[in-house]
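>>> sequence and predicted structure below; questions after.
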Amino acid sequence: MVDTCGGRNAEGWVPVERRWLGLDRRSLTPTIMVAAIAVLLTFVVPLIDRAVPQDDPIRAGERLDLGGGIVVTPPAGWELESGIRVGDKTTVPVTAGTADAAFSGDG
């Protein structure tokens, strides 16, 4: 029989031997793991992202190949994030409708 009035046999009651600072010891390991992952995603990953340089500026007159003879000329000084420059050697040929390009500016 389960005593629901807060007695020693109440469901959810944790004996003092399994508590640390008033917390159930069984829940500390998962809590610490979740906190470590949160710290990793909040502080460590952005720190690594800022440490790795992403510097691939587009020079004046450079064009990006979108496949099928379609090219785009982004503004000079912007950063190329993904895409293939016209004249770059690639292992996979670019066909129409399969290529894309991404570039960004300061604004």
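Done, it's in. Numbers count the residues shown, from 1 in each chain.

>>> would you map out the domains in this protein?
Domain assignment for the chain, taken from automatic domain parsing, gives 1-52, 64-104.

>>> any idea how far Gly22 is from the nearest residue to Glu79 once chain neighbours are set aside?
Using Cβ to Cβ, 6 or more residues apart in numbering and skipping residues adjacent in sequence, the residue nearest Glu79 is Ser104, 5.3 Å away. C-beta here means a position set from N, CA and C on the backbone, and glycine is covered the same way. Here the criterion is Cβ to Cβ, to the nearest Å. By it, Ser104 lies 50 Å from Gly22.

>>> quick revisit: which residues touch the residue nearest to Glu79?
Listed by Cβ atoms under 8 Å, 6 or more residues apart in numbering, the contact set of Ser104 reads Trp78, Glu79, Glu81.

>>> mind putting those into a markdown table with pLDDT and neighbour count?
Shown next, in a markdown table, are these (pLDDT from 0 to 100; neighbours: other Cβ atoms under 10 Å):
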| residue | pLDDT | neighbour count |
| --- | --- | --- |
| Trp78 | 83 | 15 |
| Glu79 | 82 | 15 |
| Glu81 | 79 | 11 |
